[in-house]
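>>> Sequence plus predicted model, see below.
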Amino acid sequence: MKFRQVATTVLISAATAFGSIFVYSKYFQPKHRQEGMFQNGSMAVPVNYASYMPGTAANNNLTPPTDFTEAARIGTPGVVHIKTKINPKQLPSNIQKRRSLLEEFFGEQFEDEGSRRRYYSPGQMASGSGVLISDDGFIVTNNHVVDDADEISVTLSSNRTYTAKVIGTDPNTDLAVIKIDAKGLPYLLYGNSDDVQVGQWVLAVGYPLNLETTVTAGIVSAKSRAIGINTRNRRSAIESFIQTDAAVNQGNSGGALINTAGELIGINSAIASPTGAYAGYSYAIPVNLVKKIVNDLMKFGNVQRAYLGIEYMNPNVMSDQELKEAGMTRDMAGIKVMNVPATGAAAAAGIKEGDIITKINGVKTSSIPELMEQISRYKPGDKVSVNYLRNNKEYTANTILKNLDGNTDIVKPSVLDYLGAEFSTLNTRYAKEMGIEGGVLVTNINSGLIKKQTSMRPYFVILKAGGTKVTNVDVLKKALEGKSKVRLEGFNANDQYGNIVYYDLDLSGAATTVDF
């Protein structure tokens, strides 16, 4: 009796299961389902499917790159090891002290020799990387790699070593061009940094930590990134970095960032790190900006920098209240114009205060780094189109970019450029408070003769140059022109005692040009 009940139950269950499968197969299962790799069962890419797809959609190549040997093979011969040496220097005491009684009566020959302090700056040695951009020895690197170097040596990947000379430097972008005397060298081809996309594979090639040629790989993690490393030292600095997670360390500076085709797309320049060693992010100068700077340095000896002629505010450093008062938002897709100098290119184009600039030559400029990068690619005299919003309506205007003097003339290096500092005429009110007729304030010190030959610091007020009273920047420039040696006299603005300080400069090499 029990056996019959169990058998009946098993038969009923089997019949029920079979029936369920039959009904589902007949009425519910898709009739044409394919055995494909995607969720819909097909080999076709579904709508909204996110996948790494290198190349165009036409080639339908769904395999991500897993091998960079070809790019590394192309890239490594064109990257060089740069070693620099700064010789020790003797810096004499430059504070004018009160004369002793012996000196007053008998002259300086009775001055206590022990009171003449001599200061020495120790020698320094450093290394970095560079990229060959021609077969006859032109190399692009970072300015900070060769900054103030007395000797520069370049070692190729083939271990041949040459002495290099500096062709030109641009601290604003932290770029420099140097040259070695050689022919038939391997060099990298320029790529197009505008085509670089976030998520794209890239390789960093250089000589980190004094190692031999080293290649690391990563992806582009951001574009048009500003980190304040250049603007910290110069008001006119330009930052619009390609950010990657390719490992970069000290010594990689000036090396190559290449794509998987082995094309140069950037010059590695900096890392973001709390320790000074690689911590996950590195930054490269886009090659489209590099090309313009390099061409200017090789042709003119300095950078022909163009200006749009607007004043703006950076929303990233403004409080919510300041943004509200300025009529700005933190996510504003453009640059709000706060002021338009009458002699600038923007004024000639009809741009007014309150307008929002959105494009330069059709390229979106949603942030200040993007705007700076686009304008920096042009020189004074170049014509560009500017898209801007006014009362929520878009306009397009054409204008000719100008230099800082408000014209399109070629700007030649002056003696002030060789000094490597930024100068401004001393504020009239401040001069009156100090009881002086006027002077020139050194607002910043960068690469140049002042840094190389003196211990001068920012906020030094120049009162005399070669015995000539200095009341403004133009007077300073004229007082220095044609001089081989000159003494700058003044005082440190933050010195409560106002001691008169002097610095002796050798200007004999200031007008030297390099022939090639």
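Perfect, I can see it now.
>>> Need the three-state assignment for residue 288.
With DSSP: H, G, I helix; E, B strand; the rest coil as the basis, residue 288 sits in helix.
>>> right, and it touches residue 376 too?
No. Checked against Cβ atoms under 8 Å, the pair residue 288 and residue 376 is beyond contact range at 9.7 Å. All C-beta atoms are positioned from the backbone trio N, CA, C, and that covers glycine.
>>> CA-only coordinates of stretch 462-473, as PDB, when you get a sec.
In PDB, the C-alpha atoms belonging to stretch 462-473 read as follows (Å, rounded to 0.1, in the frame of the first residue of the first chain):
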ATOM      1  CA  ILE A 462      66.300  97.900  -6.500                       C
ATOM      2  CA  LEU A 463      67.300 101.600  -5.900                       C
ATOM      3  CA  LYS A 464      70.400 101.900  -8.100                       C
ATOM      4  CA  ALA A 465      71.800 100.000 -11.100                       C
ATOM      5  CA  GLY A 466      75.400 100.800 -11.900                       C
ATOM      6  CA  GLY A 467      75.200 104.100 -10.000                       C
ATOM      7  CA  THR A 468      72.000 105.200 -11.800                       C
ATOM      8  CA  LYS A 469      68.900 105.900  -9.700                       C
ATOM      9  CA  VAL A 470      66.100 103.400 -10.600                       C
ATOM     10  CA  THR A 471      62.600 104.700 -10.400                       C
ATOM     11  CA  ASN A 472      60.800 102.300 -12.700                       C
ATOM     12  CA  VAL A 473      61.300  99.200 -14.900                       C
END
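>>> pLDDT averaged over it - what is it?
The average pLDDT within stretch 462-473 is 91.
>>> Please list the residues outside that stretch that contact it.
416, 423-425, 436-442, 475-476, 479-480, 483, 486-491, 500 (Cβ atoms under 8 Å, 6 or more residues apart in numbering).
>>> helices or strands next to the strand or helix carrying residue 268 in the packing?
In the assignment (DSSP states H and E), residue 268 maps to strand 264-272. Here strand 264-272 touches strand 124-132, strand 201-206, strand 241-244, strand 256-258, strand 281-286, helix 287-300, going by 3 or more Cβ pairs under 8 Å, 6 or more residues apart in numbering; DSSP states H and E.
>>> just the angle between it and strand 281-286, please?
Following axes from the mean of the first three to the mean of the last three Cα atoms, to 10 degrees, one obtains 140 degrees for the angle between strand 264-272 and strand 281-286.
>>> Buried residues of strand 264-272, list them for me.
Residues of strand 264-272 classed as buried by neighbour count (16 or more other Cβ atoms under 10 Å): 264, 265, 266, 267, 268, 269, 270, 271.
>>> And stretch 76-94, by the same measure?
Under 16+ other Cβ under 10 Å, the buried positions of stretch 76-94 are 76, 77, 78, 79, 80, 81, 82, 83, 84, 86, 94.
>>> can you check stretch 344-364 too?
The neighbour-count check on stretch 344-364 (16+ other Cβ under 10 Å) flags 344-349, 351, 355-361, 363 as buried.
>>> In CSV, list the C-alpha atoms belonging to it.
What follows is stretch 344-364, C-alpha atoms only, in CSV (Å, rounded to 0.1, in the frame of the first residue of the first chain):
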residue,chain,number,x,y,z
GLY,A,344,43.8,93.9,-26.1
ALA,A,345,42.6,91.5,-28.7
ALA,A,346,39.4,90.7,-26.9
ALA,A,347,38.4,94.4,-26.9
ALA,A,348,39.0,94.6,-30.6
ALA,A,349,36.6,91.6,-31.0
GLY,A,350,33.8,93.3,-29.1
ILE,A,351,34.0,91.1,-26.1
LYS,A,352,32.8,92.8,-22.9
GLU,A,353,32.8,92.3,-19.2
GLY,A,354,30.3,89.6,-18.2
ASP,A,355,30.7,87.5,-21.4
ILE,A,356,31.5,83.9,-21.1
ILE,A,357,34.2,82.5,-23.4
THR,A,358,33.4,78.9,-24.5
LYS,A,359,35.6,78.1,-27.5
ILE,A,360,38.8,79.2,-29.2
ASN,A,361,39.0,78.2,-32.9
GLY,A,362,36.2,75.8,-32.3
VAL,A,363,37.9,74.0,-29.4
LYS,A,364,35.9,74.0,-26.1
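>>> what's next to that stretch, contact-wise?
Under Cβ under 8 Å, 6+ apart, the answer for stretch 344-364 is 194, 306-310, 327, 332-341, 365-366, 370-371, 374-375, 384-390, 394, 397-402, 406.
>>> which intervals of the chain have sub-threshold pLDDT?
Counting by pLDDT under 70, the ranges of the chain that qualify are 1-66, 90-120, 230-236, 317, 496-497, 509-516.
>>> any idea how far residue 364 is from residue 337?
Separation of residue 364 from residue 337 (Cβ to Cβ, to the nearest Å): 17 Å.
>>> coming back round to it: which ones among the contacts of stretch 462-473 map onto helices?
Residues of the contacts of stretch 462-473 located in helices (DSSP state H): 416, 475, 476, 479, 480.
>>> before we move on, the earlier item: just the buried ones from the contacts of stretch 344-364, in ChimeraX syntax?
Buried members of the contacts of stretch 344-364, identified by 16+ other Cβ under 10 Å, are gathered into one ChimeraX selection as follows:
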select :306,307,308,309,310,332,334,335,336,337,340,365,366,370,371,374,375,384,386,387,388,389,397,399,401,402,406
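>>> Show me what the nearest residue to residue 156 once chain neighbours are set aside is bridged to.
Using Cβ to Cβ, 6 or more residues apart in numbering and skipping the chain neighbours, the partner closest in space to residue 156 is residue 80 (5.6 Å). On the basis of DSSP bridges, residue 80 is bridged to residue 130.
>>> any idea how far the strand holding residue 268 is from the chain center?
Distance, stretch centre to chain centre, for strand 264-272: 8 Å (Cα atoms, centre = their mean, to the nearest Å).
>>> Is the closest residue to residue 273 other than its chain neighbours in a helix, a strand, or coil?
Closest residue in space to residue 273, ignoring its immediate chain neighbours: residue 279 at 4.0 Å, by Cβ to Cβ, 6+ apart. Under three-state DSSP, residue 279 falls in the coil class.
>>> Confirm residue 322 sits in a helix?
Yes. Judged by three-state DSSP, residue 322 forms part of a helix.
>>> any idea how far the residue nearest to residue 273 is from residue 144?
19 Å.
>>> Please apply the same query to residue 507.
From residue 507 to residue 144 the distance is 24 Å (Cβ to Cβ).
>>> Residue 502 too?
Distance, residue 502 to residue 144, by Cβ to Cβ: 29 Å.
>>> More neighbours: which of the two?
With neighbours defined as other Cβ atoms under 10 Å, residue 502 and residue 144 compare such that residue 144 has more, 22 against 16.
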